[in-house]
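> Take a look and give me a structure for this.
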Amino acid sequence: MNYLITGAGRGIGLELTLFALENGHSVITLVREPNNARSLAQAKKEYGDKLSVFKCDIADPESLAQAHSQAHELLGDFTLDVLINNAGVLLDDEERFDQLPLEKVINSLHVNAVGPVSVTQAFLPNLNKSASAKLVNITSQMGSIADNASGGYYGYRMSKAALNMFAKSFAVDHPKIITLLIHPGWVRTDMGGAQAPLLPRESARGVFKVISEATKNETGRFFDYKGKELPW
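As a prediction, this is how the structure comes out:
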């Protein structure tokens, strides 16, 4: 199978890439700074043509268009079986609402919600070529309105709630594609922080299992990395 994973240079995206490669799949990665992704470079040496790495900032339409063009130049009109929208940002500090920079809200929405829409639009023809396509959106429980009992983190929460709505609408409009929303847990990454209890490898193992076992019964639904359904 052919995978495409955004934000694959580190953290969960990197581990998902390695899981896919270890299971015999081919992986296309979109990475904002591939020169800084040493683990990905090492994987490229080990897996060769099974791994393709393209420089791409998903929030920049020109960057995405260039990566899309380069992928097709290298791989032709390829079939894409699994697209994982993993790239994202957490820009919120714990500012009081009246001191919240609106630029953080706008940038959060741009990367976390609009970015996955742009990537999915670009590679939808490739997904449609697969007989068993899956669109996976790495979201967050912080995007759950029902679960929000602590407030704060306006930009991040709003952007993930918007991502969830995109995926739900896409699932309705494209019933042949299994569309998933997965909360990876609180993971010890640059985003999650050193105090997070979950290692990226452990989170990615669970996420990969949920993806691999998903059927059309799960499309348009919101799960955590253990396969537990979460409230909207």
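> Give me the most central residue, the protein.
For the chain, the residue sitting closest to the mean C-alpha position, by CA atoms, centre = their mean, is N86 at 1.6 Å.
> and the gap between it and V119?
According to CB to CB, to the nearest Å, N86 stands 10 Å off from V119. (Glycine included, C-beta is placed from N, CA and C.)
> Quickly list what's touching both of the two.
When contacts are counted by CB atoms under 8 Å, 6 or more residues apart in numbering, N86 and V119 have T6 as shared neighbours.
> Contact partners for K226?
Applying CB under 8 Å, 6+ apart, the residues near K226 are G206, V210.
> Could you do A59 as well?
With contact set as CB under 8 Å, 6+ apart, A59 has these partners: N107, H110, V111, V114, G115.
> same deal with G206?
Applying CB under 8 Å, 6+ apart, the residues near G206 are P184, G185, D224, Y225, K226, G227.
> How is it assigned, secondary-structure-wise?
Of the three states, G206 takes helix according to DSSP: H, G, I helix; E, B strand; the rest coil.
> Next one, pLDDT for it please.
For G206, the model assigns a pLDDT of 96.
> And the one 3 residues further on, by the same measure?
In this prediction, K209 carries a pLDDT score of 96.
> number of nearby residues for the spatially closest residue to it that is not a sequence neighbour?
Closest residue to K209 in three dimensions, ignoring its sequence neighbours and counting by CB to CB, 6 or more residues apart in numbering: G227, at 7.3 Å. Using other CB atoms under 10 Å, the number of residues around G227 comes to 14.
> ok, and the closest non-adjacent residue to Q195?
The spatial neighbour of Q195 that comes closest, neighbours along the chain excluded (CB to CB, 6+ apart), is R188 at 7.9 Å.
> Could you list the low-pLDDT ranges of this protein?
For the chain, residues meeting the criterion pLDDT under 70 lie at 191-192, 194, 196.
> can you give me the strands in it?
All strands of the chain, identified by DSSP state E, fall at 2-6, 26-31, 51-55, 82-85, 134-138, 178-183, 221-224.
> Could you single out the most deeply buried of those?
Highest mean neighbour count of the strands of the chain: strand 82-85, a mean of 28 (counted as mean count of other CB atoms under 10 Å).
> Determine the set of other helices and strands touching that one.
strand 2-6, helix 11-22, helix 115-128, strand 134-138 (3 or more CB pairs under 8 Å, 6 or more residues apart in numbering; DSSP states H and E).
> follow-up on the earlier one: quick one: contacts for the residue nearest to K209?
G227 is in contact with G206, K209, V210, E213, counting by CB under 8 Å, 6+ apart.
> do you know how far the nearest residue to the third one once chain neighbours are set aside is from G206?
Beyond its immediate neighbours in the sequence, the residue positioned closest to V210 (CB to CB, 6+ apart) is G227, lying 5.1 Å away. With the distance defined as CB to CB, G227 ends up 8 Å from G206.
> Next: S63.
Note on S63: its distance to G206, by CB to CB, is 30 Å.
> Same check on G88?
Separation of G88 from G206 (CB to CB): 18 Å.
> what's next to stretch 19-34, contact-wise?
1-9, 13, 17, 37, 40-41, 43, 47, 49-58, 64, 67, 71, 75, 80, 82, 87, 119, 204-205, 208.
> Count the neighbours of A162 for me.
Counted with other CB under 10 Å, the burial measure for A162 works out to 19 neighbours.
> right, I mislabeled it, should have said W186
Taking other CB under 10 Å as the neighbour definition, W186 ends up with a count of 17.
> How about the contacts made by G220?
Applying CB under 8 Å, 6+ apart, one finds that G220 lies in contact with A167, K168, A171, V172, T179.
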